[in-house]
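>>> Model the following, please.
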Amino acid sequence: MILHRIETASRAEMEALQLERLQQTVKRVYEHVPFYRQKLDENGVKPEHIRTLDDVKKLPFTTKKDLRDHYPFGMLAVRIQDCIRVHASSGTSGKPTVVAYTKNDIDHWADVVARAITIAGGEPGHIVHNAYGYGLFTGGLGLHYGSERLGAVTVPVSGGNTDRQIMIIEDFQPDIICGTPSYVLNIAERMKELGKDPRKTSLKYGIFGAEPWSEEMRRALEEEFAIKACDIYGLSEVIGPGVAMECHEAQNGLHVAEDHFFVEVINPKTLEPVEEGEEGELVFTSLTKEAFPVIRYRTGDVASITKERCICGRTTIRMSRIKGRVDDMLIIRGVNVFPSEIEHHLLTVPELAPHYQLHLFRKGTLDVVELQVEVCDRFYQEVGGNLHDERVHSLVKEIQYLLKTNLLVSIDVHVHPPRSLPRSEGKAVRVVDRRKEKALL
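Alright, predicted model coming up:
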């Protein structure tokens with residue numbers, strides 16, 4: 001097991017380092033980012049007012065809208081000519097959020113991702129099959145540079161071309177696979193279609209992220225490939241993947257790279273901090289970024305944090321796995337539900353494949369949710385391919401009862417044959433919003 005020294009630091013040592021770096025970051029944004037200077041002046045806060053970590057509460061929040069309002073380079077603390085890399089979000093709901101990196105930023109990023117890979121079980125010399133997409137998305141290049149920094153053999157496969165992925169896994173004999181959990185499940189599904197057994201590959205560990213995924217999805221991945229599946233967390237606005245990583249020993253919360261990121265959890269309505277262990281919205285302040293430092297960035301991700309020491313020996317704060325996003329929460333007949341909570345229960349039903357979608361419609365003045373699920377090959381054969389079979393009707397009732405009992409929601413369930421729902425080569429599309437279409441009668 002590889003332990004970086006800072007990962008076993010005392011709380012006092014870590015907080016002293018964080019305070020020093022926080023003070024430097026606040027001074028940096030005050031002097032070089034007009035947006036932050038204005039916000040700090042409006043709040044009557046000067047860099048010298050940050051004397052303790054608790055003073056972070058004096059600082060303004062940053063939102064994705066702020067980043068978009070200053071598109072593309074208005075939030076940089078350096079000239080764009082002083083950067084060596086630019087990444088951006090997909091921009092599916094408007095202008096993308098653009099982030100930039102100096103050489104030091106890239107070095108720090110490679111360091112935290114290298115540490116993340118070791119937390120998940122990786123070692124120098126391991127072969128890493130990187131199925132995250134390369135390009136403006138931070139996942140592919142983030143894992144790539146971290147893998148190389150660790151001294152692993154990096155295979156930059158990127159996403160897509162599933163049959164080629166399978167050939168490379170068989171021929172190159174990788175120890176670790178990195179990708180979105182939904183896409184790696186697609187790889188397993190395709191292997192079985194080709195008459196291959198995913199459990200017989202060389203893979204030992206999986207590093208999965210970029211989308212919320214449940215414990216049941218973890219079990220499915222581990223059973224399909226006979227691996228340890230670990231969660232990696234990051235977002236481009238903060239740096240990319242590597243902000244936090246789940247250890248393979250405990251698989252019980254993600255270790256935050258606290259020497260680079262200060263984490264808080266707030267109530268998204270009151271904006272006040274919540275108690276340790278209580279769920280709320282994750283907020284991050286970068287501590288070492290030069291080009292694109294962020295102050296109290298509201299991620300929109302729902303999680304909790306704990307300072308409890310982990311069995312792996314690390315003393316860093318752990319965040320829970322992401323429950324969902326504040327803006328992705330569905331209100332179904334007055335009940336608040338995250339898609340990941342629905343997934344949690346769906347994957348306990350053996351007749352179902354691990355693929356589903358939630359379709360949102362408008363019916364009069366109300367939002368209506370339809371759950372689209374696939375049956376597995378075995379069950380489909382048992383009913384002779386007849387989805388009108390009484391056993392299918394019983395399955396629908398079972399799913400509805402399961403969701404009603406555990407989540408207190410009533411959802412219309414529509415059953416489909418195996419491999420009929422859309423597959424993704426990147427982030428899975430779990431929620432399809434069709435409310436702008438003609439309203440249902």
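>>> Report the buried residues of stretch 279-294.
Buried residues in stretch 279-294, counted by 16 or more other Cβ atoms under 10 Å: 280-294. Every residue, glycine included, has its C-beta placed from N, CA and C.
>>> Helices of the stretch 201-350 of the chain, residue ranges please.
Applying DSSP state H, counting those that start in this stretch to the stretch 201-350 of the chain gives helices spanning 215-225, 339-346.
>>> Looking at those, spot the one closest to Lys95.
helix 339-346 (25.4 Å; Cβ to Cβ).
>>> Now do the closest one against helix 215-225, angle only.
60 degrees (axes from the mean of the first three to the mean of the last three Cα atoms, to 10 degrees).
>>> and helix 339-346, what other elements does it pack with?
Packing partners of helix 339-346 (3 or more Cβ pairs under 8 Å, 6 or more residues apart in numbering; DSSP states H and E): helix 215-225, strand 324-325, strand 352-363, helix 390-407.
>>> Can you give the domain ranges for the protein?
1-323, 329-433 (automatic domain parsing).
>>> Pick out the shakiest of the helices of the stretch 201-350 of the chain, pLDDT-wise.
Ranked by mean pLDDT, the helices of the stretch 201-350 of the chain bottom out at helix 339-346, which scores a mean of 89.
>>> what comes up buried for it?
339-346.
>>> repeat for stretch 427-440
Buried residues in stretch 427-440 (16+ other Cβ under 10 Å): 427-428, 430.
>>> thinking again about what came up before, Leu408: which of the buried residues of helix 339-346 is nearest?
Glu341 (10.8 Å).
>>> Please name the nearest non-neighbouring residue to that closest one.
Leu407 (6.0 Å; Cβ to Cβ, 6 or more residues apart in numbering).
>>> how much space is there between that neighbour and Glu308?
28 Å (Cβ to Cβ, to the nearest Å).
>>> Please identify which of the two sits among more neighbours.
Remark: of Leu407 and Glu308, Leu407 carries more neighbours, 18 against 12, as counted by other Cβ atoms under 10 Å.
>>> was I right about that one contacting Glu343?
No - with contact defined as Cβ atoms under 8 Å, Leu407 does not reach Glu343; the gap is 11.3 Å.
>>> what's the residue lying closest to Gln24 once chain neighbours are set aside sitting at in phi/psi?
With Cβ to Cβ, 6+ apart as the criterion, Gln24 has its nearest non-adjacent residue at 8.0 Å, and that residue is Leu287. As for Leu287, its main-chain torsions (degrees, to the nearest 10) stand at phi -110, psi -20.
>>> check contacts around Leu287.
18, 21-22, 24-25, 259-262 (Cβ atoms under 8 Å, 6 or more residues apart in numbering).
>>> Now, the residues you listed that are in strands?
Judged by DSSP state E, the contacts of Leu287 include 261-262 as members of strands.
>>> Just the buried residues from the contacts of Leu287, in PyMOL please.
Buried members of those, identified by 16+ other Cβ under 10 Å, are gathered into one PyMOL selection as follows:
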select buried, resi 18+21+22+25+259+260+261+262
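>>> Mind telling me the two of the contacts of Leu287 farthest from one another?
Taking Cβ to Cβ as the measure, these span a maximum distance of 14.2 Å, between Gln24 and Phe261.
>>> tell me, how many neighbours does Asp231 end up with?
Neighbours around Asp231, by other Cβ under 10 Å: 23.
>>> give me the beta-bridge partners of it?
Phe208 (DSSP bridges).
>>> I figured it hits Gly209, correct?
Yes - judged on Cβ under 8 Å, Asp231 makes contact with Gly209 at a distance of 6.1 Å.
>>> can you list residues touching both of these two?
By Cβ under 8 Å, 6+ apart, no residue touches both Asp231 and Gly209.
>>> how about the strands in the stretch 51-200 of the chain?
85-88, 98-101, 127-130, 153-155, 176-179 (DSSP state E, counting those that start in this stretch).
>>> Need the winner for burial among these.
Among those, ranked by average contacts under mean count of other Cβ atoms under 10 Å, first place goes to strand 176-179 (a mean of 30).
>>> Can you name every helix or strand that that one contacts?
By 3+ Cβ pairs under 8 Å, 6+ apart, strand 176-179 packs against strand 127-130, strand 205-208.
>>> Turn those into TSV, columns for mean pLDDT and distance to Leu421.
Shown next, in TSV, are the helices and strands packed on strand 176-179 (pLDDT from 0 to 100; distance: least, Cβ to Cβ, whole Å):
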stretch	mean pLDDT	distance to Leu421
strand 127-130	98	25
strand 205-208	98	20
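>>> The residue lying closest to Cys310 once chain neighbours are set aside and Lys228, how far apart?
Nearest non-adjacent residue to Cys310, counting by Cβ to Cβ, 6+ apart: Ala250, 5.5 Å away. Noted for Ala250: a distance of 11 Å to Lys228, by Cβ to Cβ.
>>> Check Arg378 too.
Look at Arg378 and Lys228: by Cβ to Cβ, they are 26 Å apart.
>>> Between those two, which is the more surrounded one?
Lys228 (21 against 11).
>>> For that one, give me its contacts.
Applying Cβ under 8 Å, 6+ apart, the residues contacting Lys228 are 120-121, 204-206, 222, 248, 251.
>>> Swap in 6 Å and give it another go.
Lys228 makes contact with 205, 248, according to Cβ atoms under 6 Å, 6 or more residues apart in numbering.
>>> quick one: it from Val153, how far?
Lys228 is 19 Å from Val153, by Cβ to Cβ.
>>> what's the burial count for the closest residue to Glu343 other than its chain neighbours?
Leaving aside its sequence neighbours, Glu343 sits nearest to Ser214 (Cβ to Cβ, 6+ apart; 4.6 Å). Here the count is done by other Cβ under 10 Å, and Ser214 has 23 residues near it.
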